[in-house]
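Colleague: here's my sequence, what's the structure:
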Amino acid sequence: MMEDNYGEQIQMQILDFATTKRTEWEENHKLYSVVFEITPRCNFNCVHCYLHDHHCSKKLSFDEIIRILDILYQNEVLFLTLTGGDVFMRRDFVDIYTYAKKKGFIVELYTNAALLDERTLSVLKKYPPLLVDISLYGSCEETYQRVTGVTGAFEKVLKNIGLLVEANIRVSLKTPILKLYYSELDAMKQIAEQYNLPFRTGLEIFPALENDKSVQQYAVSMRDSLRYEFREYDERPRSLDNEGNFKKVNLLEERPLFRCKLGQASCVIDYEGRMCPCMSFRQVGRKLTFDNFHEVWNSFSTYPKMKASPTYKIHILFCRYVKTCFSDSVSTPGTELNELDNISELISIPLANTTALKQSPTKKATTKAIKWDLQRYFHI
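Modeller: Numbering: from 1, shown residues only. So this is what the prediction gives:
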């Protein structure tokens, strides 16, 4: 699982929505975007997958999915992201997708792209999605096999990326940064460049369901993740809001328990048909029906208001690096920074051909720009 708001940015751009509109929805607890996990089943068995050991779980029937789509339609949900597992594992995917499109949803797809076939491609050309967001797991067949446990997938993925691009369908590539292909990130970026596609990376590997943290053994160190992220700072598509749209919070004063947008204007429907605040917060999910939609959704409105206890993440609040990284705002990183011996070393990495350097010859301007992105990466 890789979470960022790249798709959300496209949603706003494609409809020319002002930031004020999104802010209004969030402040008024208006649900406008849903991620729908239409199957737990996948053609891959990736070592880091958050659905680890759940790919054989029972999936929703076609009728159950249609009923959920009708519930979302009745409640004026606008954006719909279909994910899995892998969405193309469902033999009825085309029927689900066309139903959603004809209902008026603006649909985004998360997929590994290996199972794309001619019929599906034809439908996507006729009813284009907002975005097909493809997960990439290496730059060669050998690495793909180590990560996914599947032989022959790499060439299929490249072929299908090409077919989608040729069909003028909007595509982006993303990858969680894993030890198994950390050395191949440059080559993976070149694959994206070959197709003139954005390439995004994610820093965190989330525990699998039931809080199984064994998958996190494949995560690289935070030092290596940040080195890669900031090495080509301005060339990488930003997964985060512009500085002017980002709200700083003094954690010591306000102590919000959640620094993300949990429970504000989006949610997840999991593969069992439960409405959940997000992918990582499933334990409070409830089976969605026409009758309980408002009750369940309104219950999520309490999360943005929750306050952290005085001792919550106290080791981070008073981390010796806070002043170095976060300047005048005290913050809650999503990942501990204690493994970094010297963050100032990271934020002082020389950057080639960056906007910051073009705007100002001083090192100070570049360092300030990276400090800002460090803040946003850690949900400060």
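Colleague: elements contacting the helix or strand hosting Arg223?
Modeller: Assessed by DSSP states H and E, Arg223 sits inside helix 222-231. With contacts taken as 3 or more Cβ pairs under 8 Å, 6 or more residues apart in numbering; DSSP states H and E, helix 222-231 sits against strand 199-202, helix 343-346, helix 363-377. Any C-beta I mention is one placed from the backbone N, CA and C, and that applies to glycine too.
Colleague: what mean pLDDT does it get?
Modeller: Here helix 222-231 scores 75 as its mean pLDDT.
Colleague: ditto for stretch 75-90
Modeller: Averaged over stretch 75-90, pLDDT sits at 96.
Colleague: in it, what's buried?
Modeller: Judged by neighbour count (16 or more other Cβ atoms under 10 Å), stretch 75-90 contains these buried residues: 77-90.
Colleague: now, those that are in strands?
Modeller: If you go by DSSP state E, those have Phe79, Leu80, Thr81, Leu82, Thr83 in strands.
Colleague: tell me how far the third one lies from His48.
Modeller: Right, the one you point to is Thr81. 20 Å (Cβ to Cβ, to the nearest Å).
Colleague: for the closest residue to Glu193 other than its chain neighbours, give me its contacts.
Modeller: Excluding its sequence neighbours, the residue lying closest to Glu193 (Cβ to Cβ, 6 or more residues apart in numbering) is Phe199, at 7.7 Å. Phe199 is in contact with Leu136, Ser172, Leu173, Lys174, Thr175, Met188, Lys189, Ile191, Ala192, Glu193, Arg236, Pro237, counting by Cβ atoms under 8 Å, 6 or more residues apart in numbering.
Colleague: of the residues you listed, grab the buried ones for PyMOL.
Modeller: Filtering these down to the buried ones (16+ other Cβ under 10 Å) takes a single PyMOL command:
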select buried, resi 136+172+173+174+175+188+189+191+192+236
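Colleague: from the contacts of Phe199, pick the one nearest Asn292.
Modeller: Nearest to Asn292 among the contacts of Phe199, counting by Cβ to Cβ, is Lys174 at 33.6 Å.
Colleague: run through the bridge partners of the closest one.
Modeller: Residues in a beta bridge with Lys174, per DSSP bridges, are Ser135, Arg200.
Colleague: heads up, I number from 47, so please use that
Modeller: Taking 47 as the first residue, the last one we looked at is Lys220.
Colleague: quick one, what contacts Leu210?
Modeller: Going by Cβ under 8 Å, 6+ apart, Leu210 touches Ala159, Leu162, Leu167, Leu170, Val178, Val217.
Colleague: same question, Ile142
Modeller: Ile84, Phe108, Ile111, Ile112, Leu115, Leu128, Arg136.
Colleague: give me the three-state assignment for it.
Modeller: Assigned with DSSP: H, G, I helix; E, B strand; the rest coil, Ile142 falls in the helix class.
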